[in-house]
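In: Give me a 3D structure for the following:
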Amino acid sequence: MDKLRAIQLFVRVAETGSFTRVAEELNASKSMISKEVSRLEDQIGARLLHRSTRGIQLTPVGEGYLQHCREILIKLSDADSYVQYQQSLPRGKLRINAPMALGLTDLAKVLAEFMAAYPEIELDIHLDDEPIDLIEQGFDLGFRASSRQIDTGYVGKPLTEFSYRVCAAPSYLASHTKIVEPEDLAQHNCFIYSYFQGKDVWPLGEGVQVTGNLRVNSTPFMMEAVKAGLGVGFVPDFVCRQMLEAGEVVEILTKANRPRLVLYALYPARHHLPPSLVKCVAFLQEWFLDFPPSR
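Out: Below is the predicted model of the structure:
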């Protein structure tokens, strides 16, 4: 039995909660993955996973073993990365997590250029607005846009800044009372982004409490409702930029004070970072210096 491979399979099964998903990732059979993990359990003499029709759960021993296995794989990756770094050959896979809207706009452009510059690096990109633990989910690099200092156990490299925009369709503004001051928003249908740190308080001026008939975890979805003249949205400029330029929505309350959004590249603090990760972060920093977002 290849114990290292079995450990790698066990870690991925534990992270995904599914033999089927791991089999699909590796283009292998589910039974083969299950047998490899069973052989590992037999060799170490302990049950690592509870298997049932309801899914897979780690045993108490499995939880502790998983932590040690992750440390082993990280150290092995560091050792390989050290050699690659010394030889200056950035290659391998980078698993990246990014917010949906950002991944479909600015990040799509810069990562496409990065792929062209470094064709030996394979990108595995997961777009999702829900906050996740990058290490637990097996990501090498993550992106977060925040108006507050990010307090995490990761290295955070600021890449660029964005602005928030308050947007509405011309048809909505024509059929509703005027919005002159932030406080006027209390009388309007304001859409809520589920993962917004301020919840139902938009940080305009001293802050204004808003309500509306739409709460959604996708800002592109929200902007479609705004474009349709159904309400008001408060979103980063990379989300609404195209609609503003096309005249499909307009920006209001342009003079109201609001925080800036900083885009961070996050990655685990490790010795001997993979050259692919080092190259990617450096490329992003240079790209955003040359092509800053329009203000």
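In: hey, let's count contacts and neighbours off CA atoms from now on
Out: OK.
In: N189 reaches G229, doesn't it?
Out: No - using C-alpha atoms under 8 Å, N189 makes no contact with G229, being 10.4 Å away.
In: List the contacts of R215.
Out: Applying C-alpha atoms under 8 Å, 6 or more residues apart in numbering to R215 gives the contacts F191, I192, Y193, S194.
In: can you do 10 Å?
Out: Residues in contact with R215 (C-alpha atoms under 10 Å, 6 or more residues apart in numbering) are C190, F191, I192, Y193, S194, Y195, D200, M222.
In: of the residues you listed, closest to L159?
Out: Nearest to L159 among those: Y195, at 21.3 Å, using C-alpha to C-alpha.
In: circling back to that earlier point, now intersect the contacts of R215 with the helices, please.
Out: Under the assignment DSSP state H, the contacts of R215 contribute M222 to helices.
In: Pull up the gap between the closest residue to E181 other than its chain neighbours and I132, please.
Out: Spatially, and ignoring its direct neighbours in sequence, E181 is nearest to L253 (6.7 Å; C-alpha to C-alpha, 6 or more residues apart in numbering). Taking C-alpha to C-alpha, to the nearest Å as the measure, L253 falls 33 Å from I132.
In: Compare neighbour counts for these two and give me the winner.
Out: L253 (15 against 12; other C-alpha atoms under 10 Å).
In: Residues in contact with the helix or strand bottoming out on mean pLDDT in the chain: which ones?
Out: Every helix and strand in the chain was compared by mean pLDDT, DSSP states H and E; the lowest is helix 100-104, with a mean of 79. Outside of helix 100-104, the residues within contact range by C-alpha under 10 Å, 6+ apart are 97-98, 107-111, 125-130, 143-145, 217-221, 236, 238-240, 263.
In: Identify the contacts common to N189 and G229.
Out: Residues touching both N189 and G229 (C-alpha under 10 Å, 6+ apart) are Y172.
In: quick one: buried residues of stretch 136-148?
Out: Under the neighbour-count criterion of 16 or more other C-alpha atoms under 10 Å, stretch 136-148 has G138, F139, D140, L141, G142, F143, R144, A145, S146, S147 buried.
In: before we move on, what about stretch 215-225?
Out: Across stretch 215-225, burial judged by 16+ other C-alpha under 10 Å covers N217, S218, T219, P220, M222, M223, A225.
In: Stretch 166-175 too?
Out: V166, C167, A168, A169, P170, S171, Y172, L173.
In: now do stretch 178-193
Out: Residues P182, L185, H188, N189, C190, F191, I192, Y193 are the ones in stretch 178-193 that count as buried (16+ other C-alpha under 10 Å).
In: With pLDDT as new columns, can the residues you listed be given to me in JSON lines?
Out: As requested, the buried residues of stretch 178-193 are exported to JSON lines (pLDDT from 0 to 100):
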{"residue": "P182", "pLDDT": "92"}
{"residue": "L185", "pLDDT": "93"}
{"residue": "H188", "pLDDT": "95"}
{"residue": "N189", "pLDDT": "95"}
{"residue": "C190", "pLDDT": "95"}
{"residue": "F191", "pLDDT": "94"}
{"residue": "I192", "pLDDT": "92"}
{"residue": "Y193", "pLDDT": "91"}
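In: can I get the residues you listed in CSV with distance to A23?
Out: Formatted as CSV, the buried residues of stretch 178-193 follow (distance: C-alpha to C-alpha, whole Å):
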residue, distance to A23
P182, 52
L185, 51
H188, 50
N189, 46
C190, 44
F191, 40
I192, 38
Y193, 35
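In: Let's test this: mean pLDDT of the longest strand along the chain, rounded?
Out: When the chain is scanned for its longest strand (criterion: DSSP state E), the result is strand 154-168. For strand 154-168, mean pLDDT rounds to 88.
In: all helices of the stretch 1-150 of the chain, in order?
Out: Taking DSSP state H, counting those that start in this stretch as the test, the helices found in the stretch 1-150 of the chain are 3-16, 19-26, 30-44, 60-87, 100-104, 106-117.
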